[in-house]
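K.L.:
My questions concern the predicted model and sequence given below.
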4 protein chains.
Amino acid sequence: MTETRKIKSKCALQQRQQQILAVFQYSTFSAIQALGCGCVGQAVLSRGMHGGPMTVSVGFAMAVTIAVYVSGGVSGGHINPAVSLAMCVTGRLKWTKLPIYILAQLLGAFVGAAAVFGIYYNAFMEYSDGKLEVTGPNATAQIFATYPAPYLSLINGFADQVMSTAVLLLAIFAIFDTKNNSVPKGLEPIAVGLLIIVLTCSLGMNSGCAMNPARDLGPRLFTAVAGWGMEVFTAGNNWWWVPIVAPLLGGVLGAMIYVIFIEIHHSDPQSGEENEAHAKYELTNMA
Amino acid sequence: MTETRKIKSKCALQQRQQQILAVFQYSTFSAIQALGCGCVGQAVLSRGMHGGPMTVSVGFAMAVTIAVYVSGGVSGGHINPAVSLAMCVTGRLKWTKLPIYILAQLLGAFVGAAAVFGIYYNAFMEYSDGKLEVTGPNATAQIFATYPAPYLSLINGFADQVMSTAVLLLAIFAIFDTKNNSVPKGLEPIAVGLLIIVLTCSLGMNSGCAMNPARDLGPRLFTAVAGWGMEVFTAGNNWWWVPIVAPLLGGVLGAMIYVIFIEIHHSDPQSGEENEAHAKYELTNMA
Amino acid sequence: MTETRKIKSKCALQQRQQQILAVFQYSTFSAIQALGCGCVGQAVLSRGMHGGPMTVSVGFAMAVTIAVYVSGGVSGGHINPAVSLAMCVTGRLKWTKLPIYILAQLLGAFVGAAAVFGIYYNAFMEYSDGKLEVTGPNATAQIFATYPAPYLSLINGFADQVMSTAVLLLAIFAIFDTKNNSVPKGLEPIAVGLLIIVLTCSLGMNSGCAMNPARDLGPRLFTAVAGWGMEVFTAGNNWWWVPIVAPLLGGVLGAMIYVIFIEIHHSDPQSGEENEAHAKYELTNMA
Amino acid sequence: MTETRKIKSKCALQQRQQQILAVFQYSTFSAIQALGCGCVGQAVLSRGMHGGPMTVSVGFAMAVTIAVYVSGGVSGGHINPAVSLAMCVTGRLKWTKLPIYILAQLLGAFVGAAAVFGIYYNAFMEYSDGKLEVTGPNATAQIFATYPAPYLSLINGFADQVMSTAVLLLAIFAIFDTKNNSVPKGLEPIAVGLLIIVLTCSLGMNSGCAMNPARDLGPRLFTAVAGWGMEVFTAGNNWWWVPIVAPLLGGVLGAMIYVIFIEIHHSDPQSGEENEAHAKYELTNMA
């Protein structure tokens, strides 16, 4: 009996250790994604000399691709709470694992932001004479977290993040759907990167198109403690909660649209035949 | 007898339901492609700050790649009436399915355009003080549909769209031809995206190189009802019909060139041997 | 006897027909590559509004990728006389086929240039008030063929083209070498495209880095007859022959460097073992 | 006995010959990578006309991709001493081979730099009236080796190179880890290229982000002897040793982080099951 309890207790300890290890491992990958912040940093701090819309869009997208690739075999490529939540809601991930994923994603984004700040410490000091500002012509807070453009209303900004993340998740679910399997196994992270290029090139102007609560809140928390102060939360009409709530909502929405409109029809035996007939065949077996 | 009629009637109902479902599904994918309009929007509305030729070309091309990928297993990647028509003409698609495809493509492009307008609503209002203009320095209609450059004559513009779409289809037929199979299975959407990059970087200056009647008419209809008015049809010397008729014509032309010059010679047993001898072998088995 | 002669004569006729067909087929693909000229055209004719270094480099490179892909199963991807000659010299292509390849490549490049001119006819007329100039601020001949920068001496330009094409061929031989097979089958055209991006981004400033006699002479011939006149041959100190002779020389040089330094050591049984030991294994089986 | 000695002596001679051959072979590939210097050259010498941040970042990254591809089957893709050293430290490469690799990498980078200088000789002379300067508005030394931005302190620059190279190696170890195998075999060089795009777009502003001692010292040695003089070593507060020492240190650090945090947990039989359960499965078998 005592023996059994000992084993159980040992198991619990091991599980706890594994969870801590997992947080460390997963946060490493999210930190790599957060290097994307450096792309914005390079464009802003060099005043456009060493970067622009294209380096930011491609750089950030490829940071996501690399982060998904390197974490693929360890954490399953989870670097975005909006994605993890949508997978829980649709039964692809156990709810009990969600807190660990989100904690690790936040921690990683915080650490990645700190790394970017450390690497560009001299550049930050030079850029604005040592002052770290959230708004104004020498603002640098937008390197880390997203802020709304001056013209953007809260409701439009909220809708922006709901819709962008809905498209992101709808496409991600399609990309990883093995029954819709058009993307070859192993190329999914590249397809996700190309998708991020589309979304940031097309929907990035309002507020930088975060689509990822951890990638936004982690670096924002870092700036709050690193010298930008609490204005990072009040700026843009208390904008900070929008890139957290809206992507979570939009992600679930996009995932459910995919499941309801596409996925559940895969297994329909009556329409399956029809589907098959006019789908793959016509496009890929043209000769 | 009555039983049979009932079954038939039930089947007809099911078929109708499936068609409606298909229209919804397919239009989802075309809507994703229409996010490409957002790339033009970001470049125009930010007056070049957040976008330029490269983000538009790469962003639009990757929107096509993603749309083909996510729809691959469901609609066979059909997002362009010029492609669908060319496939009907060459016997790759049943003519009875063409109307459903085109309807869904139009609907999707309309919805995608509406989404872009919604997401950038504040930006549109800010850009031109609330006026939605088709021509002039603050014109924004070109974000959605294509318009000819001032120098472009109708005949040159028509030829432009015939030739661009002919090249598009010729290349698409080659990319998906399993007997010419150089593009690995599953990478076709990426090859199509690269092809769109070539065509928009090289032939995009005259009128934006739509090469897709649905991607042009759908958003144009949206602008007509959303506030730009009927000038979207009269502008550019009644340009609107050119990116509809010319791509359909050019697509069939390009497809037929491929079939006549390339495809029918695949199965020629006499030239087959010769073909094989000087083709694949020499390039790929060099060592 | 007479019967045999008849069959022979019939065979000869068929062979002739097949050669004519091959010229038509192969030139189609080279014409697609020549659409790359349109990328330069778009950047020049829009005075930088719709293109720049990045659209030209990426657009041209992807034109090569697409042309190699679509022609892969038919002509073996041959669109460059410098590549075809290097393959003849190293025994990968029959010398008797070289004339057909080169003829088709020239013809295709000529036709492709004509297509670009036709599509942009109005733009050309607008750009320079109807005058087609080879030099000066409104020059447009460089859209089609390459010309040396003002600072470039003939000897430096010649060396540039020899060295660029040598690197091109060395890398192409490596990419298609099945014994060195790191590029997965079917992705070679993409690797070639990436290679062209490197070469045009890094060695394109002197004279546009043609590295392809057909891609240069075909469009140059077109401009000579289309209105730019014989100055296309005299400009740049009679530059025209450099992008023909130097790439042919450089291509053979690069191919021979690859064969002598790399390829012949593959089959060396003594070094093979050693090679294998420190090569593939250490990099790819790290775990 | 004498016979045996003869054979031994013959073997030693053969081994020596093979080592010399290897140095020649490996340096060829590193020379291709060094063409990346030409991307910086094109942007600087054309004063931004023919290049900018995007051509430099993409051009250099693709030069690495091509160099890794063409050398994959021969040298195992080794073109960076920081990578080779990290592989020795973690037992993936024999220490006895390290000197040959590093010698070849240095030699190749030197030769590649010489090629770029030769190809752009006229452009260099034109750019600064024949004077080769290390600092000032007409400086050209930064085309070959990296120099710190004016604002950068030595300690910040050192940290920059340690951290960048640590990320590089951490990601490279993940990309090539067959137990974490998310990158399909044969696509690793493309993933490495995308990784370099991320790093140069995000961390390139301080000092050009060399992350490779050979790619920095080889071209620097070339500039020292080619006319820029010993100032290439003294400039930037004797900067030259930083991109040698810091990447070697950072590379080992990144590799060890990967091994300690990720790799050694692969084979843990207790966590293995757990790992497997929440990893690959959840992401890739979503349906």
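P.N.:
That came through, no problem.
K.L.:
interface residues of chain A facing chain C?
P.N.:
A:Met54 (CB under 8 Å from any CB of the partner chain). Heads up, the C-betas are built off the backbone N, CA and C, glycines and all.
K.L.:
which sections of chain A are below the confidence cut-off?
P.N.:
Within chain A, the set of residues satisfying pLDDT under 70 comprises A:1, A:181, A:267-287.
K.L.:
Scan it for its longest helix.
P.N.:
As assigned by DSSP state H, the longest helix anywhere in chain A is helix A:2-34.
K.L.:
Only the buried residues of it, if you could.
P.N.:
Residues A:18-19, A:21-23, A:25-34 are the ones in helix A:2-34 that count as buried (16 or more other CB atoms under 10 Å in any protein chain shown).
K.L.:
Name the member of those with the shortest distance to B:Ile264.
P.N.:
For those, the closest approach to B:Ile264 (CB to CB) belongs to A:Gln33, at 50.2 Å.
K.L.:
From C:Gly254, how far off is the closest one?
P.N.:
Distance, A:Gln33 to C:Gly254, using CB to CB, to the nearest Å: 40 Å.
K.L.:
Who are the packing partners of the helix or strand A:Asn156 falls within?
P.N.:
Assigned by DSSP states H and E, A:Asn156 falls within helix A:154-176. Applying 3 or more CB pairs under 8 Å, 6 or more residues apart in numbering or on different chains; DSSP states H and E, we find helix A:154-176 packed against helix A:81-89, helix A:188-203, helix A:242-258, helix B:2-34, helix B:53-75, helix B:98-119.
K.L.:
Pipe the ones you listed into TSV and attach distance to D:Thr140 per row.
P.N.:
Below are the helices and strands packed on helix A:154-176 laid out as TSV (distance: least, CB to CB, whole Å):
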stretch	distance to D:Thr140
helix A:81-89	47
helix A:188-203	33
helix A:242-258	44
helix B:2-34	45
helix B:53-75	27
helix B:98-119	45
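K.L.:
Mind putting those into CSV with distance to chain D?
P.N.:
Putting the helices and strands packed on helix A:154-176 into CSV (distance: least, CB to the nearest CB, whole Å) gives the following:
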stretch, distance to chain D
helix A:81-89, 7
helix A:188-203, 7
helix A:242-258, 10
helix B:2-34, 16
helix B:53-75, 7
helix B:98-119, 23
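K.L.:
for those helices, which one sits closest to C:Thr96?
P.N.:
Of all the helices and strands packed on helix A:154-176, helix B:53-75 comes closest under CB to CB, at 40.4 Å.
K.L.:
tilt between the longest helix of chain A and helix A:98-119?
P.N.:
40 degrees (axes from the mean of the first three to the mean of the last three CA atoms, to 10 degrees).
K.L.:
so what's A:Thr2 up against?
P.N.:
Listed by CB atoms under 8 Å, 6 or more residues apart in numbering or on different chains, A:Thr2 has no contact partners.
K.L.:
Next, find the distance separating it from A:Leu13.
P.N.:
Separation of A:Thr2 from A:Leu13 (CB to CB): 16 Å.
K.L.:
again with A:Ala214
P.N.:
For A:Ala214, the distance to A:Leu13 - CB to CB - is 28 Å.
K.L.:
Please apply the same query to A:Ala174.
P.N.:
41 Å.
K.L.:
wait, which of the buried residues of helix A:2-34 is closest to D:Trp95?
P.N.:
Among those, and counting by CB to CB, the member closest to D:Trp95 is A:Thr28, at 28.0 Å.
K.L.:
Surely that closest one and A:Gly108 touch.
P.N.:
Yes. Contact criterion CB atoms under 8 Å: A:Thr28 and A:Gly108 qualify, at 6.5 Å.
K.L.:
Over to stretch A:121-132 now: how far is its first residue from its last?
P.N.:
11 Å (CA to CA, to the nearest Å).
K.L.:
That stretch near chain D at all?
P.N.:
Yes. With CB under 8 Å from any CB as the criterion, chain D is reached by stretch A:121-132 at A:Tyr121, A:Asn122, A:Ala123, A:Met125, A:Glu126.
K.L.:
which of these tops the neighbour count?
P.N.:
Highest neighbour count within the residues of stretch A:121-132 next to chain D: A:Ala123, with 22 neighbours (other CB atoms under 10 Å in any protein chain shown).
K.L.:
need the contact list for that residue.
P.N.:
A:Ala123 neighbours (CB under 8 Å, 6+ apart): A:Gly41, A:Leu45, D:Ala149, D:Tyr151, D:Leu152, D:Met205, D:Asn206.
K.L.:
Which ones among those map onto helices?
P.N.:
Those of those mapping onto helices are A:Gly41, A:Leu45, per DSSP H.
K.L.:
Neighbour-wise, give me the winner out of the contacts of A:Ala123.
P.N.:
Neighbour counts for the contacts of A:Ala123 peak at A:Gly41, which has 29 neighbours (criterion: other CB under 10 Å).
K.L.:
Just confirm A:Gly186 is within a strand.
P.N.:
No. Secondary structure of A:Gly186 (DSSP: H, G, I helix; E, B strand; the rest coil): coil, not part of a strand.
K.L.:
Run through the residues that contact it.
P.N.:
Counting by CB under 8 Å, 6+ apart, A:Gly186 has contacts D:Ser182, D:Val183, D:Pro184, D:Leu187.
K.L.:
Quick check: phi and psi at it.
P.N.:
A:Gly186 adopts backbone torsions of phi 100, psi -20, taken as degrees, to the nearest 10.
K.L.:
Next up, the contacts around A:Lys109.
P.N.:
Lys isn't right for residue A:109; it's Ala. A:Ala109 touches A:Ser30, A:Ala31, A:Gln33, A:Ala34, A:Ala214, A:Arg215, A:Asp216, A:Leu217, A:Gly218, A:Pro219, counting by CB under 8 Å, 6+ apart.
K.L.:
any idea how far it is from chain C?
P.N.:
For A:Ala109, the distance to chain C (CB to the nearest CB, to the nearest Å) stands at 28 Å.
K.L.:
And A:Val259, by the same measure?
P.N.:
Taken as CB to the nearest CB, the span from A:Val259 to chain C is 33 Å.
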